[in-house]
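> any chance you can model this:
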Amino acid sequence: MEETVSLPDPAVQYRVHPLDLPEARTQFRNARLVAAFTSLPVAALVAAIVAYLTRHWEPPVVVFLALTIFGALSARHFTDRAWDYIPRKRQDRERPLPRLWEIGSSAILALVLGGALLLIVFRLQRDDVPLGVRAYTFGGCAIAALLVVADAAFGLARASGRRRALASLPGVAVVVFATILAYVRWFDGNAGGSDMLWGALTVAVGAVLAGAARLWERRRIVSDQPAE
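Residues are numbered from 1 along each chain as shown. Next up is the predicted model:
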């Protein structure tokens, strides 16, 4: 096999990543950008925004399929081209992405999420929406925001979860900002305390049930593993 690029000396660095090669770095960066802009959460949020703006089901379906299918194909193409520069036996497939890249990817999702949340905030602000609906929705949103903040804080406090928590910070900031904006825009002296409490309790109970299900599944997996 004839090398088209100069690989690092195997005695110094045997495993090689596309980020180590200027020729492959651009292809790999393009792959990550395409993947970030066309991920399933981004595609779902963009489709939801399109559905809200068009009031038809066809455009959001087309947008979602176009983003996910063509995005996946394009990302795979750029990724394969980047790894083609490196012989298979020397590929460093296990190397994590740079931390700033992970934060940037989550920032793209947070930006789209922010757009969707703004539409919700301003739609529920209209006079045709009862105060009780706003209060119930805000109660649930407030608990969700608290859970998101608590999860990020808990992750930052642990070395094993710090990387994931840092990547989640743009999304956390968007959720907190949207929650504060919702309170400012929806309520004028009367916040509908009982409805807000019921909304908070609904989300809290859902979170407890989801956490219990995850804990049970984790324990089941551990118990199913054969003893050494």
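> how about residue 86, secondary structure?
Put simply, residue 86 is coil when judged by DSSP: H, G, I helix; E, B strand; the rest coil.
> residues in contact with it?
7, 16-18, 21, 24 (Cβ atoms under 8 Å, 6 or more residues apart in numbering). Every residue, glycine included, has its C-beta placed from N, CA and C.
> residue 98: which of the residues you listed is nearest?
Nearest to residue 98 out of these is residue 17 (Cβ to Cβ; 10.4 Å).
> surely the closest one touches residue 96?
No. Using Cβ atoms under 8 Å, residue 17 makes no contact with residue 96, being 10.0 Å away.
> and these two? Which one has more around it.
A count of neighbours by other Cβ atoms under 10 Å puts residue 17 above the other of residue 17 and residue 96, at 21 against 9.
> what's the nearest residue to that one if we skip its chain neighbours?
The spatial neighbour of residue 17 that comes closest, neighbours along the chain excluded (Cβ to Cβ, 6 or more residues apart in numbering), is residue 92 at 4.4 Å.
> show me the contacts for the one you found.
15-17.
> now the residues you listed as JSON lines including distance to residue 63 and secondary structure?
Formatted as JSON lines, those follow (distance: Cβ to Cβ, whole Å; DSSP: H, G, I helix; E, B strand; the rest coil):
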{"residue": "15", "distance to residue 63": "39", "secondary structure": "coil"}
{"residue": "16", "distance to residue 63": "38", "secondary structure": "strand"}
{"residue": "17", "distance to residue 63": "33", "secondary structure": "coil"}
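> residue 82 belongs to a helix, doesn't it?
Yes. Counting by three-state DSSP, residue 82 is found in a helix.
> low-confidence ranges, this protein, go.
In the predicted model, the chain carries pLDDT under 70 at residues 1-4, 189-192, 220-228.
> give me the longest helix you can find in it.
Counting residues, the longest helix found in the chain (DSSP state H) is helix 193-224.
> which secondary structure elements does that one sit against?
helix 131-157 (3 or more Cβ pairs under 8 Å, 6 or more residues apart in numbering; DSSP states H and E).
> what is the orientation angle of the helix it packs on with helix 193-224?
Per axes from the mean of the first three to the mean of the last three Cα atoms, to 10 degrees, the angle that helix 131-157 makes with helix 193-224 is 40 degrees.
> quick one: helix 131-157 to chain centroid distance?
16 Å (Cα atoms, centre = their mean, to the nearest Å).
> what about the closest residue to residue 179 other than its chain neighbours, neighbour count?
Nearest residue to residue 179, sequence neighbours excluded (Cβ to Cβ, 6+ apart): residue 145, at 4.3 Å. Residue 145 has 19 neighbouring residues, counting by other Cβ under 10 Å.
> how near is residue 145 to residue 203?
If you measure residue 145 against residue 203 using Cβ to Cβ, to the nearest Å, the figure is 10 Å.
> can you give me the buried ones in stretch 28-40?
28, 30-39 (16 or more other Cβ atoms under 10 Å).
> no, scratch that, I was asking about stretch 201-220
So, applying 16+ other Cβ under 10 Å, buried residues of stretch 201-220: 203-204.
> on that earlier part again, who are the contact partners of the residue nearest to residue 179?
175-176, 179.
> which of the residues you listed ranks first by neighbour count?
Going by other Cβ under 10 Å, residue 175 tops those with 23 neighbours.
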